[in-house]
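1. give me the fold of what follows.
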Amino acid sequence: MSVDEIWFLFTSFLQSVMTPGWRQNQLLIVLGLAVLCYFLHILSGRLIDRHVRAREGWSKWQLRMIIQIKRRMGLIWFAALAGGVYLIMQQVTWPSRSYFIGLAATLALVWTGIAYAARLVRNPFLRRLVTWGLWIYATLYLVGLADEVSSFLDGIALDIGEFHLSLLTLISAAVMIAVFFTVARIISSTTASSIRKNEDISPSMQVLAVKAVQIFLYGFAFFMGVKAVGIDLTGLAVLSGAIGVGLGFGLQKVVSNLVSGVIILLDKSIKPGDVISLGETFGWINALGARYVSVVTRDGKEYLIPNEDLITGQVVNWSHSNEYVRLDIFFGTSYGCDPHLVRKLAIEAAADVDRVLSHPKLPVCHIVGFGDSSVDFILRFWIRDPTGGLTNIRGNVYLALWDAFKAHDISIPFPQREVRLLGEDASPPAETSTDRPTAD
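-> As a prediction, this is how the structure comes out:
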């Protein structure tokens, strides 16, 4: 149908509705029901709010469901009342005199179902787009104009030889791809949840398996959606190859990070939960992405480190092969203190600090040298939770050493030097008044 024919049908319908008769009566009944349902929507919304506030312990999914029901109470009321009026009029008068009322009730019911089904789409913009698209299609289908509009959209096309690309084909492809993507997302989420719950699979292999499943499902959904509308992909092989070569040169870093991410997942060098040091960044791995690794530090900062840097640079993994980490503390005591007592006190002080292991790895203390003004020691102790921080545990051990040395009169020396300037008299300088400066 052409645009003129569609416009002619629309104006003819308006003229028939404006003419007094049963069509006009049905339209007035539909408008009256719409006004009544508007007030019922407001009233029922208040009752639902009062009922929800009177109860406690609602879960999030229950609250979301109540909110969605409250938002569409007008459509629910209209579908119920219009359906009831339609059934009554079917019994008391001619069926043709209630056709538009039944159509309005069916549309309201279908629109309500579409609104709830569209909640499967997480993105708000896409959800709104899908909702309106399905509403338009359902309306055209129920009023019997779907074929005419399809023919009209198919006439808006680009023909190159045997290649026919119409607006209807593009819309159908978008709809089919969206449907397949939604199904793929649901399957991917379910599969990912099952993989993460499997404790027999290492964390790095879990991430790799989830990424592989997502790539396979979304790629399969795209090709199936394109195939479902009859688009031949063989003609796009050469074009896709050229685009791939161009992307390979232009996105070398992106491809390098993607490949590096796959290598990291395969060799299991790092995994979620590991504590790593890279340059001045120290923290634990929060997530492994396709392009970067998320590292969270003790001060709450989240660094997104490209995967390529983890492959080509030097990375210190504090928990790669085992969970034990050794920390060293250097200190010195006076020459007048007993070094045997100092070693004993240092080991006991470190062992009493929380997070310091006493089994199977015990703290040890050794003399490492005789300094200018002190006997130098090193205290070594082990922890098994580097994610809890390193600076804080060192600080607690230093405080324990301070308390132990103070209780046993162990002194910690500091450098003391006497400085004399050449050419000055060795006798002490004369006292001067403090209220005025003296000349140098």
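2. pull the contacting residues for the residue nearest to L265 when sequence neighbours are not counted.
-> The shortest distance from L265 to any non-neighbouring residue, by C-beta to C-beta, 6 or more residues apart in numbering, is to L208 (3.9 Å). No exception for glycine: its C-beta is placed from N, CA and C like everyone else's. If you count contacts by C-beta atoms under 8 Å, 6 or more residues apart in numbering, L208 has them with 262, 265-266.
3. what's the answer for G289, then?
-> 261, 304, 307.
4. got the contact list for I410?
-> 333-334, 337, 341-342, 345, 404.
5. hang on, it in a helix?
-> No - looking at I410 with DSSP: H, G, I helix; E, B strand; the rest coil, it is coil, so not inside a helix.
6. look up phi and psi at it.
-> phi -90, psi 120 (degrees, to the nearest 10).
7. C365 versus that one, what's the distance?
-> The gap separating I410 from C365 is 13 Å, by C-beta to C-beta, to the nearest Å.
8. mutual contacts of these two, please.
-> V342.
9. among the contacts of G289, which lie within strands?
-> Of those, the ones assigned to strands by DSSP state E are L304.
10. let me have the contacts of G289 in TSV, extended by pLDDT, neighbour count and distance to V315.
-> As requested, the contacts of G289 are exported to TSV (pLDDT from 0 to 100; neighbours: other C-beta atoms under 10 Å; distance: C-beta to C-beta, whole Å):
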residue	pLDDT	neighbour count	distance to V315
G261	77	24	14
L304	87	12	15
N307	84	24	11
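11. circling back: including neighbour count, could the contacts of L208 go into CSV?
-> Shown next, in CSV, are those (neighbours: other C-beta atoms under 10 Å):
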residue, neighbour count
V262, 14
L265, 24
L266, 11
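12. so which of those is the closest to S44?
-> Closest to S44 out of those is L265 (52.1 Å), distances taken as C-beta to C-beta.
13. my guess is the closest one meets A209, correct?
-> No - counting by C-beta atoms under 8 Å, L265 stays clear of A209, with 9.1 Å between them.
14. please identify which pair of the contacts of I410 lies farthest apart.
-> S334 and A404 (15.1 Å).
15. the two - which one has more neighbours?
-> A404 (19 against 13; other C-beta atoms under 10 Å).
16. quick one: the strands in the protein?
-> 157-160, 163-166, 275-278, 281-288, 292-297, 302-306, 316-317, 325-333, 364-370, 375-383.
17. how about the last one: buried residues?
-> Read it as strand 375-383. For strand 375-383, burial by neighbour count (16 or more other C-beta atoms under 10 Å) applies to 375, 377, 379-383.
18. with the fifth one instead?
-> With burial defined by 16+ other C-beta under 10 Å, the residues of strand 292-297 counted as buried are 292-295.
19. can I get the strands of the chain in TSV with distance to V356?
-> Formatted as TSV, the strands of the chain follow (distance: least, C-beta to C-beta, whole Å):
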stretch	distance to V356
strand 157-160	74
strand 163-166	71
strand 275-278	17
strand 281-288	20
strand 292-297	23
strand 302-306	29
strand 316-317	21
strand 325-333	9
strand 364-370	12
strand 375-383	5
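20. of all these, which lies closest to G225?
-> Here strand 163-166 is closest among the strands of the chain (C-beta to C-beta), at 15.6 Å.
21. pLDDT averaged over that closest one - what is it?
-> Across strand 163-166, pLDDT averages out at 65.
22. from L27, how far out is A138?
-> Counting by C-beta to C-beta - A138 and L27 are separated by 20 Å.
23. output the below-cut-off pLDDT ranges for the stretch 201-350 of the chain.
-> Counting by pLDDT under 70, the ranges of the stretch 201-350 of the chain that qualify are 201-204, 226, 228-251, 320-321.
24. closest to the centroid, which residue in the protein?
-> With the centre of the chain defined as its mean C-alpha position, the nearest residue by C-alpha atoms, centre = their mean is A287, 10.3 Å away.
25. residue contacts, it?
-> Taking C-beta under 8 Å, 6+ apart as the criterion, A287 is in contact with 272, 293-294.
26. buried residues, the longest helix along the chain. List them.
-> Longest helix in the chain by number of residues (criterion: DSSP state H): helix 22-54. With burial defined by 16+ other C-beta under 10 Å, the residues of helix 22-54 counted as buried are 23, 26-27, 29-30, 33-34, 37, 40-41, 44.
27. export the buried residues of strand 375-383 to CSV and tack on pLDDT and distance to N257?
-> Below are the buried residues of strand 375-383 laid out as CSV (pLDDT from 0 to 100; distance: C-beta to C-beta, whole Å):
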residue, pLDDT, distance to N257
V375, 92, 51
F377, 95, 46
L379, 94, 42
R380, 92, 38
F381, 92, 38
W382, 90, 36
I383, 89, 33
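28. with distance to F100 added, can I get the residues you listed in TSV?
-> Output for the buried residues of strand 375-383, formatted as TSV (distance: C-beta to C-beta, whole Å):
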residue	distance to F100
V375	102
F377	95
L379	89
R380	88
F381	84
W382	82
I383	77
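29. from those, pick the one nearest G279.
-> Distances from G279 to the buried residues of strand 375-383, taken by C-beta to C-beta, are shortest for I383, at 22.7 Å.
30. wait, that closest one sits on L327?
-> Yes - applying C-beta under 8 Å, one finds I383 in contact with L327, separated by 6.7 Å.
31. what's the distance between D274 and T312?
-> 18 Å.
32. more neighbours: which of the two?
-> It is D274, of D274 and T312, that has more neighbours when counted by other C-beta under 10 Å, with 22 against 11.
33. ok, now which ones touch the more buried one?
-> 284-285, 317-320 are the contacts of D274 under C-beta under 8 Å, 6+ apart.
34. next up, phi/psi of it, please.
-> phi -70, psi 150.
35. from N286, how far off is S194?
-> 22 Å.
36. more neighbours: which of these two?
-> N286 (15 against 9).
37. just give the closest residue to the more buried one, not the sequence neighbours.
-> Leaving aside its sequence neighbours, N286 sits nearest to S294 (C-beta to C-beta, 6+ apart; 4.3 Å).
38. for the one you found, give its distance to Y303.
-> With C-beta to C-beta as the criterion, S294 and Y303 are 7 Å apart.
39. repeat for V183
-> From V183 to Y303 the distance is 36 Å (C-beta to C-beta).
40. then T11?
-> Taking C-beta to C-beta, one finds T11 at 65 Å from Y303.
41. who's more crowded, the two?
-> A count of neighbours by other C-beta under 10 Å puts Y303 above the other of T11 and Y303, at 16 against 10.
42. wait, isn't that one in contact with F282?
-> No - when contacts are counted by C-beta under 8 Å, Y303 is not listed as touching F282 (9.9 Å).
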